[in-house]
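1. Sequence plus predicted model, see below.
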Amino acid sequence: MKDEQKIKDLEKRIKELEALVRSKEVEIEKIRTVFLSNISHEIRTPMNSIIGFSNLLASDDLSTDQKDLYLEYINNSSENLLSFIENLIDMAMIESGQLEIHEDDCCINDLFNALYTFYNREKHRKEKHSVALLMDKQVQNTDLLFRTDPLRLKQIMSNLIANALKFTEKGIIVLGYDLSQKNFIKFFVKDTGRGVDQEDGRDVFGSFNRKYSLHQEEARGIGIGLSICKGLVELMGGEIWVEPNIKKGSVFAFQLPKKVSKNRFKPVHFLKEDESMKNFFISDQEVAI
């Protein structure tokens, strides 16, 4: 009798596992279908824009302003397409272990100024006039240098800022860094957007995660931006996380090892007049390493 019961229990368990496998296969197929659909969307949208406006430029009846506008559309679409392709390549290289980190001296303030200038323009281009972009920099009078991969650090921050801008319709977005920890530098992007609930916060950095964009067509994408951030941060010896807050938005933060450059500080490089920054905020706290 005991053997018969064991056989029945085993058969029951096998059926449960078979049902689980079938459900996973269905889930994987859905993910694959959505992924391919979004791949097509992400490629077709900028390509249609490039082709369409290129054809319009062939007209002889265009004013100079119209030509400049069409060229701007073509340029923006080309950059979006290139960024999308580069993200796919980076994701593949991260998952295959082929992406390498190249450390060099990195000026945090120069990097943040460049990010601010670019995304402040992006904010106006996307007509998000109810969103204020701010910076929280702890070092005012000197530019802090530390050893990291400047290109990848900029890529991580860019993905986080772009994500915040995508999901914030009104309020503020703050990009900044914190030097208070002994062995790490903390970077963060705060926003007053849709926020992340506790459940979504656990797997928001997973590959092809699109929970944010289920109800927003303008937020459509293949969901690899945050996954790339996680992969890059870990390759650089750090850690990334999100602090969920539905009512007040989200805080995406990551920390990297504090490797101070031998040339610790250098003189400030001021932006040109045409790059003046509105809505600019610097904390009044001076911090030395």
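-> Thanks, I have the structure now. Residues are numbered from 1 along each chain as shown.

2. Which pLDDT value belongs to the residue nearest the centre of the chain?
-> For the chain, N159 is the residue whose C-alpha lies nearest the centre (C-alpha atoms, centre = their mean; 1.8 Å). At N159, the predicted lDDT confidence score is 92.

3. would it count as being in a helix?
-> Yes: using DSSP: H, G, I helix; E, B strand; the rest coil, the secondary structure at N159 is a helix.

4. Skipping adjacent residues, who's closest to it in space?
-> The spatially closest residue to N159, leaving aside those adjacent along the chain, is G225, at 4.5 Å (C-beta to C-beta, 6 or more residues apart in numbering). (Glycine included, C-beta is placed from N, CA and C.)

5. wait, isn't the one you found in contact with L165?
-> No: using C-beta atoms under 8 Å, G225 makes no contact with L165, being 12.0 Å away.

6. quick one, what contacts L232?
-> Neighbouring residues of L232 by C-beta atoms under 8 Å, 6 or more residues apart in numbering: 90, 94, 99, 152, 155-156.

7. Tell me the one of these nearest N55?
-> For N55, the closest of the contacts of L232 turns out to be D90, at 32.1 Å, with distances computed as C-beta to C-beta.

8. What sits closest to that closest one if chain neighbours are left out?
-> I228 (5.5 Å).

9. tell me the contacts of that neighbour?
-> Applying C-beta under 8 Å, 6+ apart, we find I228 in contact with 87, 90-91, 94, 155, 159.

10. ok, now how distant is it from E95?
-> I228 sits 10 Å away from E95 when distances are taken as C-beta to C-beta, to the nearest Å.

11. any idea whether M135 is helix, strand or coil?
-> The three-state label for M135, taken from three-state DSSP, comes out as strand.

12. C106 now?
-> Going by three-state DSSP: C106 is strand.

13. correct me, but it touches M157?
-> No: assessed by C-beta under 8 Å, C106 is found out of contact with M157, at 11.4 Å.

14. Which elements pack onto the longest helix seen in the chain?
-> Taking DSSP state H as the criterion, the chain has its longest helix at helix 2-57. Helices and strands in packing contact with helix 2-57 are listed as helix 64-96; criterion 3 or more C-beta pairs under 8 Å, 6 or more residues apart in numbering; DSSP states H and E.

15. what's the angle from the helix it packs on to helix 2-57?
-> Between the axis of helix 64-96 and that of helix 2-57 there is an angle of 160 degrees, by axes from the mean of the first three to the mean of the last three C-alpha atoms, to 10 degrees.

16. which parts of helix 64-96 are buried?
-> Applying a neighbour-count criterion of 16 or more other C-beta atoms under 10 Å, the buried positions in helix 64-96 are 70, 73-74, 76-77, 81, 83-84, 87, 90-91, 94.

17. again with stretch 231-242
-> 231-233, 236, 238, 240, 242.

18. Just the buried positions in stretch 243-256, please.
-> Residues 244-245, 249-256 are the ones in stretch 243-256 that count as buried (16+ other C-beta under 10 Å).

19. How about stretch 107-122?
-> If you call a residue buried by 16+ other C-beta under 10 Å, then stretch 107-122 has these buried ones: 107-117, 119-120.

20. Now do the helices in the stretch 151-289 of the chain.
-> Read by DSSP state H, counting those that start in this stretch, the stretch 151-289 of the chain holds these helices, from start to end of the chain: 198-203, 225-235.

21. mean pLDDT lowest for which of those?
-> Among those, helix 198-203 has the lowest mean pLDDT, at a mean of 57.

22. What is the nearest of the buried residues of stretch 231-242 to V196?
-> Closest approach between the buried residues of stretch 231-242 and V196, by C-beta to C-beta: V242, at 5.5 Å.

23. what bridges to that closest one?
-> On DSSP bridges, the residues paired with V242 through beta bridges are F252.

24. Just the CA trace of stretch 106-117, in CSV.
-> Provided in CSV are the C-alpha atoms of stretch 106-117 (Å, rounded to 0.1, in the frame of the first residue of the first chain):
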residue,chain,number,x,y,z
CYS,A,106,36.2,61.0,-14.6
CYS,A,107,35.1,64.5,-13.7
ILE,A,108,31.8,64.1,-12.0
ASN,A,109,30.7,67.7,-12.3
ASP,A,110,31.6,67.9,-16.0
LEU,A,111,29.6,64.8,-16.6
PHE,A,112,26.6,66.0,-14.7
ASN,A,113,26.7,69.4,-16.4
ALA,A,114,26.6,67.7,-19.8
LEU,A,115,23.8,65.4,-18.7
TYR,A,116,21.8,68.4,-17.4
THR,A,117,22.3,70.4,-20.6
